[in-house]
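Asker: Provided below are the primary sequence and the corresponding predicted coordinates.
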Amino acid sequence: EEGLAIRRELAGPLLRAFLKMVFLDNFVHCDLHPGNVLVQHRIVQPPRSILSNWTMTRAEEENASTNTKYTIVFLDAGIATSLSQNDQRNLKDLFRAVILNDGNQAGRLMVERAAYERCTEKEGGVASFAKGVEDIVAEFHDRRKKGLTLGAVRIGHLLSKVLNLCRVYGVEVDPAMASIVISTLVLEGLGRSLEPEMNLIDCAAPFVLGKI
């Protein structure tokens, strides 16, 4: 029971650390299997007054409450990547689209920002691509009825489908995005094994909507 509680406690810091790497640092560890995730813990004593240091008995000291603090450490960052400014913005727009259910706008922005694309070469190409992104996002957004938890949502799968759509329509993306997708799939699975009921939106919203 204690072990399960610790696993649930670790899921949040693990996911937030990854989101920070992607959206704030733009320096993403691309080999985040469980063997490269170290958990450190330390015992934290509550602050005590000078008087209590003199008056507490040994038994009271032993029974005094302590807190255990856990720290996530990512090891072996030999495989890492960064996204171009445009692709980082596109990735953030995709996450924002899932939150706000606005995949059509996200798709149009991806075409507009692409260094190379074939959508504008044929009539209705941009609208068709945007509709494709809209449909992918809507599928995930609709799962909010069940709660956007790690157990219900597969963000890595969403990113994979969007990348395939870009391939079909000739919308260029940074090759590093493939590494981001793989890292997301691996870490998402690890987080799901720790706490499948963790709400993904609660973790992602501050990074995506600019509230931190």
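Answerer: All right, it came through fine. Numbering: from 1, shown residues only.

Asker: wait, doesn't Gln40 sit right on Thr68?
Answerer: No: Gln40 lies out of contact with Thr68 (C-beta atoms under 8 Å); the separation is 10.7 Å. The C-beta positions use only the backbone N, C-alpha and C, and glycine is treated the same way.

Asker: show me the shaky parts of this structure.
Answerer: Applying pLDDT under 70 to the chain picks out residues 1, 44-66, 143-153, 211-212.

Asker: spatially nearest residue to the most centrally placed residue in the chain, not counting backbone neighbours?
Answerer: With distances taken as C-alpha atoms, centre = their mean, Leu19 lies nearest the centre of the chain, 4.1 Å away. If the residues on either side of it in the chain are set aside, Leu19 comes closest to Phe207, at 4.6 Å by C-beta to C-beta, 6 or more residues apart in numbering.

Asker: for the closest residue to Arg118 other than its chain neighbours, give me the backbone phi and psi.
Answerer: Leaving out its chain neighbours, the residue that sits closest to Arg118 by C-beta to C-beta, 6+ apart is Gly170, at 3.3 Å. Main-chain dihedrals, Gly170, degrees, to the nearest 10: phi 70, psi 30.

Asker: helices of this protein, start to end?
Answerer: Secondary structure of the chain (DSSP state H): helices located at 2-20, 50-55, 58-63, 85-100, 103-113, 125-141, 155-169, 176-194, 200-208.

Asker: returning to what we had before: for the residue nearest to Leu19, give me its contacts.
Answerer: Leu19, Lys20, Val22, Phe23, Leu24, Phe95 (C-beta atoms under 8 Å, 6 or more residues apart in numbering).

Asker: now tabulate these in CSV and tack on distance to Glu123.
Answerer: Formatted as CSV, those follow (distance: C-beta to C-beta, whole Å):
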residue, distance to Glu123
Leu19, 39
Lys20, 42
Val22, 36
Phe23, 36
Leu24, 40
Phe95, 31
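
Asker: ok, of those, which come out buried?
Answerer: Leu19, Val22, Phe23, Phe95 (16 or more other C-beta atoms under 10 Å).

Asker: please report phi then psi for Leu32.
Answerer: phi -90, psi 50.

Asker: quick one: which of the buried ones among the contacts of Phe207 is nearest Met177?
Answerer: Set against Met177, the nearest of these by C-beta to C-beta is Val22 (10.9 Å).

Asker: go ahead and confirm that closest one touches His29.
Answerer: No: counting by C-beta under 8 Å, Val22 does not reach His29; the two are 10.1 Å apart.

Asker: now Ser84: how far from Leu91?
Answerer: Distance, Ser84 to Leu91, using C-beta to C-beta, to the nearest Å: 10 Å.

Asker: report how many residues lie close to Lys131.
Answerer: Other residues lying near Lys131 total 14 when counted by other C-beta atoms under 10 Å.

Asker: what's near enough to touch Val173?
Answerer: Asp87, Asn90, Met110, Ala114, Leu163, Cys166.

Asker: list just the nearest of those residues to Ser193.
Answerer: Checking the contacts of Val173 one by one against Ser193 (C-beta to C-beta), the nearest turns out to be Leu163, at 24.6 Å.

Asker: touching, that closest one and Ala178? I think so.
Answerer: Yes: with contacts counted by C-beta under 8 Å, Leu163 reaches Ala178, the gap being 6.9 Å.
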